[in-house]
Structure formats: structure tokens, C-alpha cells
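**Q** heads up, no residue letters with this:
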């Protein structure tokens with residue numbers, strides 16, 4: 001999930017969205033672990049508007065990390 005980068009130039013349309021995202025993602029990771037799935041399958045990235053040029057590379061790195069984990073072992077059951 002991609003969220004707004006906190007700081008002095010905080011520009012989130014959802015005001016506290018990034019704070020809520022952090023808490024909720026902790027819950028998602030815990031749930032994935034309980035299901036015996038890798039919590040790394042869900043990640044949070046923070047970006048500022050000025051980071052737009054680096055975003056494609058960051059997203060590609062995430063895709064590569066998920067590919068390295070492999071397919072969901074529960075798929076097909």
C-alpha cells in the first residue's frame with residue numbers, strides 16, 4: 001500500500017490516513033502470519049509528491065520481492 005510521507009510538508013487528503021494505515025498494516029501482517037503466509041506480501045511505502053520519479057523503481061522492487069517469495073502456497077485448495 002502506498003501512503004503519504006509524514007513530515008512538515010504532509011499532504012495527505014485523508015488527514016490521518018497514514019497513521020491509520022500503519023496500525024491496520026500491523027494487523028494485516030499479524031493475520032498473514034497466523035495464516036502461515038509471509039507478512040512481507042503486504043508492505044507499506046510512503047511517498048511525497050516530490051518522490052514521483054523514484055516511485056516506479058520502488059514499486060518494481062516490491063514486485064520482485066513478492067516474486068521471490070513465490071506463489072501463495074494455499075492457492076488451489
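**A** Noted; the coordinates are in hand. From a predicted model like this one, the values you see are computed outputs, not experimental measurements. Numbers count the residues shown, from 1 in each chain.
**Q** now residue 46, what's its secondary structure?
**A** Local secondary structure at residue 46 is given as strand here, using DSSP: H, G, I helix; E, B strand; the rest coil.
**Q** Pull the contacting residues for it.
**A** 2, 3, 4, 5, 6, 18 (CB atoms under 8 Å, 6 or more residues apart in numbering). All C-beta atoms are positioned from the backbone trio N, CA, C, and that covers glycine.
**Q** Keep only those of those that are in helices.
**A** residue 18 (DSSP state H).
**Q** Please narrow the contacts of residue 46 to those residing in strands.
**A** Cross-referencing these against strands under DSSP state E gives 2, 3, 4.
**Q** Count the residues that sit near the nearest residue to the last one once chain neighbours are set aside.
**A** Once flanking residues are discounted, residue 4 sits nearest to residue 12: 3.6 Å by CB to CB, 6 or more residues apart in numbering. Each residue near residue 12 was counted by other CB atoms under 10 Å, and the total is 15.
**Q** Let me see the backbone angles for residue 12.
**A** phi -70, psi 130 (degrees, to the nearest 10).
**Q** residues touching it, list them.
**A** Residues near residue 12 by CB under 8 Å, 6+ apart: 3, 4, 18.
**Q** Give me the residues contacting the helix or strand of the chain with the lowest mean pLDDT.
**A** Lowest on mean pLDDT, DSSP states H and E among the helices and strands of the chain sits strand 2-4, with a mean of 79. For strand 2-4, the external contacting residues (CB under 8 Å, 6+ apart) are 10-14, 17-18, 21, 44-48, 55.
**Q** Can you tell me the strand partners of it and which way each runs?
**A** In the sheet, strand 2-4 lines up against strand 45-47 (parallel) (DSSP bridges).
**Q** Could you identify the helix or strand that succeeds the partner strand?
**A** Next in sequence after strand 45-47, counting helices and strands by DSSP states H and E, comes helix 55-69.
**Q** For that next one, name the packing helices and strands.
**A** strand 45-47 (3 or more CB pairs under 8 Å, 6 or more residues apart in numbering; DSSP states H and E).
**Q** Identify the residue nearest residue 39 in space, chain neighbours excluded?
**A** With CB to CB, 6+ apart as the criterion, residue 39 has its nearest non-adjacent residue at 3.8 Å, and that residue is residue 29.
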